[in-house]
Structure formats: C-alpha cells, structure tokens
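[1] Please find the sequence and the predicted model below.
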Amino acid sequence: MTRASSPWMRIAPEVAAALDAGRAVVALESAVLSHGLPEAQARNLACRLDEVVRSAGAIPALVAVRAGRVEVGLDPSEVSFLFAAGVVKVSARDMAASVAQRQSGGTTVAGTLAAAYAAGIRVMATGGIGGVHIGAEASRDVSADLFALSRFPLVVVCAGSKAICDPHWTSEALDSLGVSVVGFRTDTLPAFLARSSGVVVPCRVETAREVAAIAKAKMEMRDPSALLVVQPPPPDAAMDEKELACAVAAALERARAAAVGGAALTPYLLREIAEVTGGEALTANLAVLEANVSLAAAVAVEISRSGRDAPA
Ligand code: PSU
Ligand code: MN
C-alpha cells in the first residue's frame with residue numbers, strides 16, 4: 001500500500017517509506033509538548049524521544065496539527081509552532097474543526113490515535129492517558145482517550161492514566177469499552193508517576209515479543225480496539241504513591257478555587273503538581289515518557305519482524 005499525503009494530512013517521507021516497507025514506526029503525541037510541559041523541557045523531550053525511538057531501530061512519527069494540516073512525522077527541529085500563542089489541544093472531537101479552521105495544535109492520545117490510524121501506524125506511546133477524572137461523579141469529566149482506545153486498533157504504551165484520574169474508575173471504563181489492558185512486568189495498573197495504583201490488571205507479560213504476539217492475535221481477529229500496555233515508571237524516578245496523591249489533591253483544590261475546568265484543567269493541574277512537588281513530578285514525567293517510548297519502539301520492532309504477512 002502506498003501512503004499518500006492528502007490536503008489535510010502530511011506523512012513525512014521517512015515515515016511513509018518505513019510503513020510501505022513494513023518497518024517499525026512509533027507515533028508520538030504532542031499535547032504533552034504543547035500543553036503538558038514547560039517549553040524548554042518540551043523541546044528537549046522532543047529531541048530525546050526521537051533519539052530513543054531511533055536507537056531502538058524504529059522510526060518516530062510525532063503527530064500534531066500545523067496550520068490546518070495533520071502532520072505525521074514532525075522533526076524535533078520543527079516543533080516551535082507548538083509553543084506559539086493560540087495553539088490548541090486537539091482531541092478526537094477537535095480534529096476536523098482544527099483542520100477546517102487552519103489551526104495549529106498538539107494532539108492528545110485520542111487525536112494522535114485517529115491520525116496514526118489514518119496513516120497506517122500500529123504503535124504509539126504516551127506518558128499517561130486521559131481517563132475518568134477524580135470528581136467525575138459531579139463533573140462528568142471522562143477523557144475522549146478512553147473512547148478512542150475502543151475505536152483504533154493500535155498498541156498504546158502508557159503508565160496508566162494521568163495523576164488526576166481515578167485508576168479504579170478508569171480501569172472499569174476500559175473494561176466496559178472492551179479495551180485489552182496488559183501489564184508490562186506488573187500485576188497492577190501503574191499510577192502514572194507512582195508504580196502501582198493497586199488495581200489489578202487482567203494480563204501480565206514480561207517481553208516486547210509477548211506484547212507483539214497479543215497485538216498480532218488482535219489484528220487477526222480484526223478486533224477494532226487498542227491494546228493498552230501499562231508499564232510502571234522506572235524505579236529510580238517513580239514517586240511515592242501517597243506523596244503523589246497529596247500533590248494531586250492540593251492541585252485539585254487550587255483548580256476548584258480558580259474555577260479552571262474543561263480542556264484547560266489538565267495543563268493547569270500538571271503545572272500545579274510540578275510546583276507542589278518541587279519538580280519531582282516533572283522529572284518523573286520525563287522518565288516515564290522515555291521508558292514508554294522505548295518499550296513502544298521495541299514492540300513496533302517485534303511486530304514488524306513477525307507480522308509482515310499479517311492482514312492489514
Ligand atoms: N497526561 C500527562 N500530561 C498530558 C496529558 C496526559 O501527564 O499532557 C495529555 C495527553 O495528551 C492526554 C490528554 O491524551 O492530556 C488528555 O486530555 P483530556 O483529559 O482533556 O482528554
Ligand atoms: Mn476532560
């Protein structure tokens with residue numbers, strides 16, 4: 001199959017060539033760059049994640065929307081537009097409008113899944129997915145990431161749902177949506193920056209090859225949903241679960257007092273949590289992203305090795 005760019009989507013030549021040849025490609029989200037981290041860290045992170053994917057033998061495909069075009073495969077040197085004024089956070093619901101209205105934006109997991117699927121990419125990585133928010137009984141705030149995971153058959157590597165979500169409710173929602181969750185060297189759902197939420201995951205694997213085998217089985221069954229691989233943060237960077245919960249509670253309190261809600265809530269809370277923890281959360285966040293991208297690249301390499309003859 002030849003991957004054609006279109007008026008609304010541009011697939012970088014290197015990514016298109018890799019996909020055509022059945023080589024490993026890893027899609028990366030960009031909302032974490034535009035809305036999740038301070039600019040200096042985000043710029044460094046873009047370079048670092050690019051290197052991590054390449055050193056594992058895969059091709060990175062950073063996804064974002066630039067002036068109304070969905071870019072699949074941005075070079076780290078091209079990310080400046082993500083830090084300009086007016087850059088939006090592009091979730092699944094926002095994709096068409098941001099294209100039609102020529103906006104620029106960082107894509108969330110949901111937005112990235114939609115673009116990566118359209119481009120033919122099988123694997124993506126992120127830090128934490130959006131989930132069912134703490135306080136959702138009143139706010140009804142449930143991330144579109146969960147529904148996107150039920151619609152796009154990619155392997156998605158994460159460290160659970162972001163810190164401001166409830167792991168029990170998020171796990172129940174994934175269950176209801178039929179999303180397969182696999183613990184990578186863990187029996188429980190990680191709590192994003194802390195190693196465990198205590199919520200048991202239904203399946204455990206030890207190697208990237210095992211993940212690839214499950215992904216292949218899902219593909220052969222034409223299962224339309226994602227395979228969510230959850231990996232705990234590296235031990236040396238992981239935060240204490242209680243300390244993290246305290247920082248989240250403090251940040252939520254401040255958000256309530258400042259009446260911040262909707263799509264602006266995550267970026268606000270992340271800033272607050274970084275501040276409350278004196279930067280510890282930021283360091284852990286960067287380590288989590290790097291570890292997840294590394295695992296995603298290893299999985300993509302295994303899939304390309306074993307699955308060239310699998311049905312598309
Ligand atoms: N987790 C983080 N930082 C982030 C996000 C998650 O620690 O920036 C982003 C991801 O892009 C995720 C999105 O897909 O937040 C979910 O946003 P929402 O809850 O508005 O759907
Ligand atoms: Mn939300």
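    Received, thanks. Ligands and ions are numbered 1, 2, ... in the order given.
[2] quick one, helices of this protein?
    13-20, 31, 39-55, 95-100, 109-119, 136-139, 144-149, 167-176, 208-220, 241-257, 265-276, 280-306 (DSSP state H).
[3] hey, least reliable of the ones you listed by pLDDT?
    For these, mean pLDDT drops lowest on helix 265-276, to a mean of 90.
[4] Report the inter-axis angle for that one versus helix 280-306.
    Angle, helix 265-276 to helix 280-306, by axes from the mean of the first three to the mean of the last three C-alpha atoms, to 10 degrees: 120 degrees.
[5] if we look at helix 265-276, which residues are touching it?
    Residues outside helix 265-276 that contact it (C-beta atoms under 8 Å, 6 or more residues apart in numbering): 35-37, 89, 130, 133, 141, 162-164, 247-248, 250-252, 254-255, 258, 260, 281-282, 285. Where C-beta positions appear, they are placed from N, C-alpha and C, glycine not excepted.
[6] coming back round to it: single out the most deeply packed of the helices of the chain.
    Neighbour counts (mean count of other C-beta atoms under 10 Å) averaged over each of those peak at helix 31, with a mean of 28.
[7] near ligand 1, anything from that helix?
    Yes - legend: contact between helix 31 and ligand 1 by C-beta under 6 Å from any ligand atom is shown at A31.
[8] Packing partners of that helix?
    strand 105-107 (3 or more C-beta pairs under 8 Å, 6 or more residues apart in numbering; DSSP states H and E).
[9] just checking, what packs against the strand it packs on?
    helix 31, strand 59-66, strand 88-90.
[10] Work out the gap between the shortest one and the centre of the chain.
    When C-alpha coordinates are averaged (C-alpha atoms, centre = their mean, to the nearest Å), helix 31 and its chain have centres 9 Å apart.
[11] how about the residues of the protein near ligand 1?
    Residues of the chain lying near ligand 1 (C-beta under 6 Å from any ligand atom): 29, 31-32, 35-36, 91, 108-109, 127-130, 143-145, 162, 263, 266, 270, 285.
[12] Next, the residue of the stretch 151-300 of the chain found nearest ligand 1: phi, psi?
    The nearest approach of the stretch 151-300 of the chain to ligand 1 comes at K162, 3.5 Å away (C-beta to the nearest ligand atom). The phi and psi values for K162, taken as degrees, to the nearest 10, are phi -60, psi 160.
[13] now V199
    phi -80, psi 130.
[14] Who are the contact partners of the residue nearest to A287 when sequence neighbours are not counted?
    Leaving aside its sequence neighbours, A287 sits nearest to A237 (C-beta to C-beta, 6 or more residues apart in numbering; 3.4 Å). If a contact means C-beta under 8 Å, 6+ apart, then A237 has T283, A284, A287, V288 as its contacts.
[15] count of neighbours near the closest residue to the second one other than its chain neighbours?
    Setting aside the residues directly before and after it, A284 is nearest to L193 in space (C-beta to C-beta, 6+ apart), at 4.2 Å. Burial of L193 is recorded as 32 neighbouring residues (other C-beta atoms under 10 Å).
[16] Repeat that for the one 10 residues further on.
    A count of neighbours around C203, defined by other C-beta under 10 Å, yields 13.
[17] if I look at it, how far off is A144?
    Using C-beta to C-beta, to the nearest Å, C203 is found at 25 Å from A144.
[18] Could you find the closest non-adjacent residue to the residue of the chain found nearest ligand 1?
    Residue nearest to ligand 1 within the chain (C-beta to the nearest ligand atom): G36, separated by 2.6 Å. Once flanking residues are discounted, G36 sits nearest to L270: 5.5 Å by C-beta to C-beta, 6+ apart.
[19] likewise I121?
    Here the residue nearest I121, using C-beta to C-beta, 6+ apart, is A27, at 4.7 Å.
[20] OK, contacts around that neighbour?
    61-63, 72, 112, 115-116, 119, 121, 123-125, 154.
[21] could the helices of the chain be laid out in TSV, adding distance to A226?
    Output for the helices of the chain, formatted as TSV (distance: least, C-beta to C-beta, whole Å):
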stretch	distance to A226
helix 13-20	18
helix 31	17
helix 39-55	19
helix 95-100	17
helix 109-119	7
helix 136-139	21
helix 144-149	4
helix 167-176	9
helix 208-220	9
helix 241-257	25
helix 265-276	20
helix 280-306	12
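[22] closest to P76 out of these?
    helix 39-55 (4.1 Å; C-beta to C-beta).
[23] just checking, what packs against the closest one?
    Using 3+ C-beta pairs under 8 Å, 6+ apart, helix 39-55 is in contact with strand 25-28, strand 59-66, helix 280-306.
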